[in-house]
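Visitor: sequence unavailable; structure follows:
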Ligand code: SF4
């Protein structure tokens, strides 16, 4: 397979539609693999996909941890984290997406509590005073096997053998069968960082525990792996294959739907007849 030819093909398709993305992120690739039509709705048509409560909580928690790791190590305490939460709260509460949730006073209190439990989960997994921070929210752009890659790394810190890539998660930790696929994201970050000259020695995912509704909290969980060239190559290969599939879909205009469980939560279902039928079928609704 001629990778450059496919990459050029995507570039040509992008050139025909200025709204199309010029790079492929891990989340974009994952969306395409789940459903090509959903990818098109989001990345080409740019239909609105307002963040719900879990996404806004995740953004808030990421911001709190970013600020926490910006202060000198000995000041990274729970008390300081609480003060950062208080400082950042007005900006989130005044955000149009948050206001659109129209949370009641009790629901807003639950949102803050759940976000705080995620922050506490971080402290259960990590001693922030011992983190040798190299970068927070690092914007990584690199070409991986001919594919323009872009991603934001939550934390890069120095460990004895090199640099460690960390991504925070505020959702449910994966079961054993899904661990490898969840690690794909950090392997891609490691590939991009290595392509830029970094000596990456470890990757990890930190699942902070709160899963969203306050009734389904899981133990904070760390999934860490030493740098494995084979795993990096596998992730890069999968990313390139996805890019090639996007090239093919872009050249034909055929972004096929993949009806399934996710249709019930798809923000674009009203624009997708197959997704509507799937949702009705799964929920026993009359067509
Ligand atoms: S409703 Fe289902 S099939 Fe349609 S775009 Fe969304 S996920 Fe894909």
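Guide: Looks like it came in fine. Quick caveat, the model's predicted, so the values are computed rather than measured. Residues are numbered from 1 along each chain as shown.
Visitor: report how many residues lie close to the closest residue to the ligand within the stretch 51-200 of the chain.
Guide: Of all residues in the stretch 51-200 of the chain, the one sitting closest to the ligand is residue 52 (15.2 Å; CB to the nearest ligand atom). In short, each C-beta sits where N, CA and C put it, glycine included. By other CB atoms under 10 Å, 14 other residues sit near residue 52.
Visitor: per-residue pLDDT, it?
Guide: Per-residue confidence (pLDDT) for residue 52: 88.
Visitor: run a quick neighbour tally on the residue nearest to it when sequence neighbours are not counted.
Guide: Spatially, and ignoring its direct neighbours in sequence, residue 52 is nearest to residue 101 (7.5 Å; CB to CB, 6 or more residues apart in numbering). By other CB under 10 Å, 15 other residues sit near residue 101.
Visitor: now for residue 101: which residues touch it?
Guide: 52-53, 56 (CB atoms under 8 Å, 6 or more residues apart in numbering).
Visitor: so which residues on this protein come close to the ligand?
Guide: Within the chain, the positions near the ligand by CB under 6 Å from any ligand atom are 35, 37-38, 41, 257-259, 262-263, 266, 268-269, 272, 274-275.
Visitor: state the pair within those residues that is farthest apart.
Guide: Pairwise distances across those peak at 14.0 Å for 41 and 259 (criterion: CB to CB).
Visitor: how far away is residue 265 from residue 246?
Guide: Using CB to CB, to the nearest Å, one gets 23 Å for the distance from residue 265 to residue 246.
Visitor: and those two? Which one has more around it.
Guide: Regarding residue 265 and residue 246, a neighbour count based on other CB under 10 Å identifies residue 246 as having more, with 28 against 9.
Visitor: run a quick neighbour tally on the residue in the stretch 101-250 of the chain positioned nearest to the ligand.
Guide: Residue nearest to the ligand within the stretch 101-250 of the chain: residue 249 (13.1 Å; CB to the nearest ligand atom). Residue 249 is flanked by 20 other residues according to other CB under 10 Å.
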